[in-house]
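Novice: Here is the input, now give the coordinates:
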Amino acid sequence: MRKIRVLVVDDAVVVRKIVTDILAEDPGIEVVGVAANGRIALAKIGQLAPDIVTMDVEMPEMDGITALTELRKTHPKLPVIMFSTLTERGAAATLDALSHGANDYVTKPANVGSVAAGMDRVRTELLPKIKSLCPGLGLVDRASAPRDATREKRPASSTPFLAPPAQAPIKLCKPNTPQRIDALVIGVSTGGPNALAAMIPGLPSSLPVPVLIVQHMPPMFTRLLAERLSATCSIGVSEAQNGDKLSPGHAWIAPGNFHMEVARSGTDVRIVTHQGPQENSCRPAVDVLFRSAAAVYGPHVLAVVLTGMGQDGYVGCQTVFGAGGQCLAQDEQTSVVWGMPGFVARGGVAEAVLPLEEVAGEIVRRVQRFRPLPSLALSHHLAPKRALAV
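Specialist: Down below sits the predicted model:
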């Protein structure tokens with residue numbers, strides 16, 4: 001086994017100590033160095049050759065976003081996890097960092113009651129993300145496995161995987177009898193903000209169905225993400241509010257720390273948000289949304305699972321498929337982490353596994369089916385591999 005070599009970058013001595021101690025607990029991880037700002041980090045990366053970097057956002061001399069921008073000029077593929085505060089300013093800075101090439105983020109614990117609780121929060125969030133972004137490293141029992149067979153790592157805090165095994169090949173389903181699509185539901189996690197920024201602008205303003213999105217993110221992050229997407233997309237995008245009435249050509253993002261479901265109210269379909277138990281260690285959870293969409297719309301649902309760690313969305317896709325709906329998954333090559341879409345692709349419920357740049361076009365094609373709408377075409381805003389606008 002080769003351990004995962006981590007460089008910890010943070011100007012706060014206490015935070016560096018906490019993160020270093022947590023990472024040292026894992027036998028598959030080695031902290032090879034620490035740095036107090038971005039300038040020192042850039043110098044140490046060349047010397048230490050880490051496999052991954054944890055990077056604070058706000059630091060003296062050189063902040064995390066500036067360091068990240070410089071780092072991407074020489075190390076475009078070195079995974080970087082941002083360490084940000086759970087504030088509006090921290091959320092905005094984190095979305096900026098993701099648009100500049102950060103792979104993922106972890107929020108610093110605040111108001112959790114004790115140092116031990118704070119360490120547990122960091123441990124639960126950070127360790128699975130490090131292992132997911134460093135496939136093939138740091139796992140004793142998989143050390144001899146081929147690199148592509150270890151793309152998925154089980155998050156320490158997740159519920160047990162149901163199926164399929166990680167090494168299973170892609171298994172497409174036999175499509176259900178095609179039906180008119182009346183609702184589009186999307187589930188996404190790690191790498192999601194940039195994936196949505198690349199895909200959603202490809203949906204035209206004339207899209208005749210509502211779009212419901214679960215992106216695993218904390219409160220504030222989801223609102224800012226919706227605002228940024230709305231500024232660059234043909235369709236409107238907003239953070240969902242309890243009771244919102246669904247309408248065509250608009251997208252709703254589930255608010256952080258709330259599940260989002262849909263429910264019929266007379267002739268309308270409205271959004272219901274609640275703080276029910278976490279599923280797959282997530283709230284909002286993709287499975288919750290997908291199940292409710294299948295219950296309300298039956299076979300008229302198109303479910304799409306994009307890049308993300310874990311398996312959230314797989315059981316929901318089983319429900320959508322079982323109700324006669326359609327499911328798509330992003331492919332491994334264009335996913336930051338092929339966990340969620342990988343489960344769908346290997347689980348026999350996806351009709352197609354597509355690169356990110358082809359997802360919007362496939363959605364439009366399927367939504368257009370059974371509708372005489374000659375003007376419904378791929379949006380001119382579609383820009384493959386487009387990063388989240390700053």
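Novice: so where is this structure shaky, pLDDT-wise?
Specialist: 110-112, 139-167, 373-390 (pLDDT under 70).
Novice: What ranges does it have for its helices?
Specialist: Counting by DSSP state H, one finds helices in the chain at the ranges 13-24, 38-48, 64-74, 88-99, 115-133, 192-199, 221-232, 286-297, 314-322, 340-346, 356-368.
Novice: Which of those sits closest to H259?
Specialist: Each of the helices of the chain has some distance to H259 by Cβ to Cβ; the shortest is helix 286-297, at 4.5 Å. C-betas here are computed from N, CA, C, even on glycine.
Novice: from the chain's centre, how far out does the closest one sit?
Specialist: 19 Å (Cα atoms, centre = their mean, to the nearest Å).
Novice: and that helix with helix 314-322, angle?
Specialist: 20 degrees (axes from the mean of the first three to the mean of the last three Cα atoms, to 10 degrees).
Novice: got the buried residues for helix 286-297?
Specialist: Residues of helix 286-297 classed as buried: V286, D287, V288, L289, F290, R291, S292, A293, A294, V296, Y297 (neighbour count, 16 or more other Cβ atoms under 10 Å).
Novice: For L71, state which of the residues you listed is nearest.
Specialist: Nearest to L71 among the buried residues of helix 286-297, with distances taken as Cβ to Cβ, is V286, at 31.4 Å.
Novice: Of the helices of the chain, flag the one that's most buried.
Specialist: helix 340-346 (a mean of 28; mean count of other Cβ atoms under 10 Å).
Novice: What are the contacting residues of that one?
Specialist: 151-152, 161, 164-166, 168-172, 187-189, 286, 305-314, 317, 327, 329-332, 335, 350, 353 (Cβ atoms under 8 Å, 6 or more residues apart in numbering).
Novice: Repeat the analysis, applying 7 Å as the threshold.
Specialist: 151-152, 164, 168-171, 187, 189, 305-308, 310-314, 317, 327, 329-330, 332, 335, 350, 353 (Cβ atoms under 7 Å, 6 or more residues apart in numbering).
Novice: cool, stretch 2-19 as well?
Specialist: Stretch 2-19 is contacted by residues 20, 23, 28-38, 41, 44-45, 48-56, 59-60, 83, 119, 122, 130, 134, 137-138 when judged by Cβ under 7 Å, 6+ apart.
Novice: List buried members of the residues you listed by neighbour count.
Specialist: 20, 23, 28-38, 41, 44-45, 50-56, 59, 83, 119, 122, 130, 134, 137-138.
Novice: Out of these, which sit inside strands?
Specialist: Members of the buried ones among the contacts of stretch 2-19 lying in strands (criterion: DSSP state E): 29-35, 52-56, 83.
Novice: Among these, which pair sits farthest apart?
Specialist: Pairwise over these, using Cβ to Cβ, the maximum falls at E30 and D56, 20.1 Å.
Novice: how near is A345 to R291?
Specialist: According to Cβ to Cβ, to the nearest Å, A345 stands 20 Å off from R291.
Novice: cool, and V305?
Specialist: According to Cβ to Cβ, V305 stands 14 Å off from R291.
Novice: related to what we said a few turns ago, format the buried residues of helix 286-297 as a markdown table; extra columns: distance to G202.
Specialist: Formatted as a markdown table, the buried residues of helix 286-297 follow (distance: Cβ to Cβ, whole Å):
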| residue | distance to G202 |
| --- | --- |
| V286 | 21 |
| D287 | 25 |
| V288 | 26 |
| L289 | 21 |
| F290 | 21 |
| R291 | 27 |
| S292 | 25 |
| A293 | 21 |
| A294 | 25 |
| V296 | 25 |
| Y297 | 22 |
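Novice: if we can go back for a sec, now a PyMOL select for only the buried ones of the contacts of helix 340-346.
Specialist: Only the buried entries of the contacts of helix 340-346 go into this PyMOL selection, using 16+ other Cβ under 10 Å:
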select buried, resi 151+152+164+187+189+305+306+307+308+310+311+312+313+314+317+327+329+330+332+335+350+353
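Novice: can you tell which of the helices of the chain is closest to S206?
Specialist: S206 lies closest to helix 356-368 among the helices of the chain, at 9.9 Å (Cβ to Cβ).
Novice: got the angle between the closest one and helix 192-199?
Specialist: Going by the same axes, to 10 degrees, helix 356-368 makes 60 degrees with helix 192-199.
Novice: what is the spatially closest residue to A350 that is not a sequence neighbour paired to in the beta sheet?
Specialist: Spatial nearest neighbour of A350, excluding adjacent residues (Cβ to Cβ, 6 or more residues apart in numbering): A329 at 4.4 Å. Beta bridges link A329 to V305, V353 when assigned by DSSP bridges.
Novice: show me the contacts for A329.
Specialist: Shown in contact with A329 (Cβ under 7 Å, 6+ apart): V305, P341, V344, A345, A350, V353.
Novice: between those, which is nearest F370?
Specialist: Nearest member of these to F370, counting by Cβ to Cβ, is A350, at 21.0 Å.
Novice: Now do the phi/psi pair for the closest one.
Specialist: phi -90, psi 140 (degrees, to the nearest 10).
Novice: K131 versus that one, what's the distance?
Specialist: Counting by Cβ to Cβ, the gap from A350 to K131 is 25 Å.
Novice: Export the ones in strands among the buried ones among the contacts of stretch 2-19 as CSV, with columns for distance to T94.
Specialist: Converted to CSV, these look like this (distance: Cβ to Cβ, whole Å):
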residue, distance to T94
I29, 23
E30, 26
V31, 22
V32, 25
G33, 23
V34, 21
A35, 19
I52, 17
V53, 15
T54, 13
M55, 11
D56, 11
F83, 9
